[in-house]
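Novice: Pasting the sequence and the predicted model now:
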Amino acid sequence: MDFLTALWLPILLSAVLVFVASSLLHIVLPFHRGDHRRLPGEEELLAAMREHGVERGVYLFPCPASIQDAAGEEMQEKYRRGPVGWMTVLPNGPIRMGRSLLHWFLFTLLIGIFAGYVLWHAVPAGADYLAVFRLAGGLGFLAYGIPALQDSIWKGQPLSITLKFVFDGLVYALVLAGCFAGFWPAPV
């Protein structure tokens with residue numbers, strides 16, 4: 001745990017600055033404003049979902065009862081007719097941004113801790129700024145940018161939206177890299 005004592009400042013600073021950068025990208029800049037669309041007939045669809053007791057969870061539609069059922073002609077026809085998709089339903093009530101923002105900050109802190117751990121064991125004290133920056137940036141991009149690609153692969157998210165999140169990840173990785181490179185410990 002020596003790395004936490006030596007790297008607490010870049011770990012904490014990177015979490016704070018990534019949090020600020022994400023706020024700028026998602027709230028201040030218009031970059032993500034077109035990511036979500038309103039469902040046609042939203043009121044009727046929401047009423048039908050309430051009537052059928054749709055609760056919090058992740059739903060697949062149409063959803064086969066089994067693997068064998070998925071290959072059947074009836075399911076194939078449902079797929080052809082559509083719509084086909086995934087849907088995440090949150091708990092009823094206003095969206096609790098405070099809780100989500102707290103979890104996001106803790107996530108950024110966790111990434112900083114793991115990046116610090118790897119860097120501590122891979123880069124000697126007193127290393128050149130660029131040597132620390134390169135490895136920290138790579139680690140940051142692996143944590144923040146690359147995982148966004150899964151949403152296009154598995155959830156059918158349009159690539160245009162996914163690439164925005166990959167770009168966000170690149171920004172966060174550069175912020176993290178700058179924090180670690182700028183505050184890398186001197187040789188003892």
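Specialist: Yes, it's here. Numbering: from 1, shown residues only.

Novice: ok, Pro158 touching Ser152?
Specialist: Yes - judged on CB atoms under 8 Å, Pro158 makes contact with Ser152 at a distance of 7.4 Å. Bear in mind the C-beta positions are built from the backbone N, C-alpha and C, glycine included.

Novice: Which one of these two is surrounded by more residues?
Specialist: Using other CB atoms under 10 Å as the criterion, Pro158 and Ser152 rank with Ser152 on top: 17 against 11.

Novice: Quick one: residues contacting that one.
Specialist: Residues counted as contacts of Ser152 (CB atoms under 8 Å, 6 or more residues apart in numbering) are 158-159, 162.

Novice: could those go into CSV alongside pLDDT, distance to Gly53 and secondary structure?
Specialist: Compiled in CSV, the contacts of Ser152 are given as follows (pLDDT from 0 to 100; distance: CB to CB, whole Å; DSSP: H, G, I helix; E, B strand; the rest coil):
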residue, pLDDT, distance to Gly53, secondary structure
Pro158, 94, 30, coil
Leu159, 95, 35, helix
Thr162, 96, 32, helix
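
Novice: So which of these is the closest to Arg38?
Specialist: Closest approach between the contacts of Ser152 and Arg38, by CB to CB: Pro158, at 15.8 Å.

Novice: any idea how far His36 is from that closest one?
Specialist: According to CB to CB, to the nearest Å, Pro158 and His36 sit 11 Å apart.

Novice: If anything else comes up later, I'll come back, but that's it for now.
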